[in-house]
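# Build the 3D model from these lines:
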Amino acid sequence: LQEGFAGITVAAVARRLGVSTMTIYRYAPTRGELLALAWDHVITTTEWPPLTGPWRPLLRTHAIAFWRLLERYPGVVTELSQGLMPAGMMNHIDGIAVALVDQGFTAEDAVLAVDLVIDLTVDHRRGVEMIHGRTGVPATLQDMARLWSPNDTDPPARRAVRAAMTDAIRSAPFDWYTRKLDLALEGIEAGFGKQPEAAG
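Residues are numbered from 1 along each chain as shown. Next up, the predicted model:
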């Protein structure tokens, strides 16, 4: 964790610990397993919001906490996107879904809702890191904004869309994320009818 997830290597971790790479491989046979151990430690030692209260603020609060955690550890979102899913993360996701089931969601609807929100969070953080140049990808905020700049020869609707996209690219990432999250939560509520009642 002190070395950081972005571009991390087993050799770098071994150097920091003052041991050989073979010593590291005895505990984690692959780089992926080493990263999974580190992320599992983060997930299981993080103080998460309680899994209580109405489903919508509960889901929103956990999504935001997860976004902030990904923000705190640049690079881990790329590893998550490549299939890193340690047990601690799975258990946390299960816990959120169970809380929704306890409030009247079916298991399938709860999993769909949580998966939508987690995917949105991971995808948004990955995009933020890419656009802000934190993952070694050449895209930058200025380049993206320039690509989406309105063109005077475009029809009015396209110019308006491009101006809105440029504004979105330049807006504070967290503000844009919460707007997308709130839209997703509106969709979940609309898709599953009125807010589920607490079970029991």
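
# List of residues touching stretch 178-192?
With contact meaning Cβ atoms under 8 Å, 6 or more residues apart in numbering, stretch 178-192 is reached by 56, 59-60, 63-64, 105, 109, 113, 116-117, 120-121, 124, 195. C-beta: built from backbone N, CA, C; applies to glycine.

# same thing but at 7 Å, please
With contact meaning Cβ atoms under 7 Å, 6 or more residues apart in numbering, stretch 178-192 is reached by 56, 59-60, 63, 105, 109, 113, 116-117, 120, 124, 195.

# how about it: buried residues?
By neighbour count on 16 or more other Cβ atoms under 10 Å, the buried set for stretch 178-192 is 178, 181, 184-185, 188, 192.

# Could you point out which residue ranges in the protein have low pLDDT?
Low-confidence segments of the chain (pLDDT under 70): 80-84, 133-139, 193-200.

# which residue is nearest the middle of it?
When Cα atoms, centre = their mean is applied to the chain, the residue found nearest the centroid is Val122 (2.5 Å).

# Next, find the distance separating that one from Ala157.
31 Å (Cβ to Cβ, to the nearest Å).

# can you check Ile96 too?
Note on Ile96: its distance to Ala157, by Cβ to Cβ, is 39 Å.

# One more: Ala36?
The gap separating Ala36 from Ala157 is 46 Å, by Cβ to Cβ.

# and what of Tyr25?
Distance of Tyr25 to Ala157, computed by Cβ to Cβ: 57 Å.

# Have a look at Ala36 and Ala157 and say which one is more surrounded.
Counted by other Cβ atoms under 10 Å, Ala36 and Ala157 do not tie: Ala36 has more neighbours, with 20 against 8.

# Sticking with that one, tell me its helix or strand.
helix 31-45 (DSSP states H and E).

# what packs against that helix?
In terms of contacts (3 or more Cβ pairs under 7 Å, 6 or more residues apart in numbering; DSSP states H and E), helix 31-45 is packed against helix 10-17, helix 87-101.

# What count of nearby residues applies to Asp109?
If you count neighbours by other Cβ under 10 Å, Asp109 ends up with 18.

# Kindly report the same for Ile169.
Quick note: Ile169 (other Cβ under 10 Å) scores 19 neighbours.

# what does Met89 give?
Here the number of neighbours of Met89 (other Cβ under 10 Å) works out to 19.

# Apart from its chain neighbours, what residue comes closest to it?
Spatial nearest neighbour of Met89, excluding adjacent residues (Cβ to Cβ, 6 or more residues apart in numbering): Ile43 at 5.1 Å.
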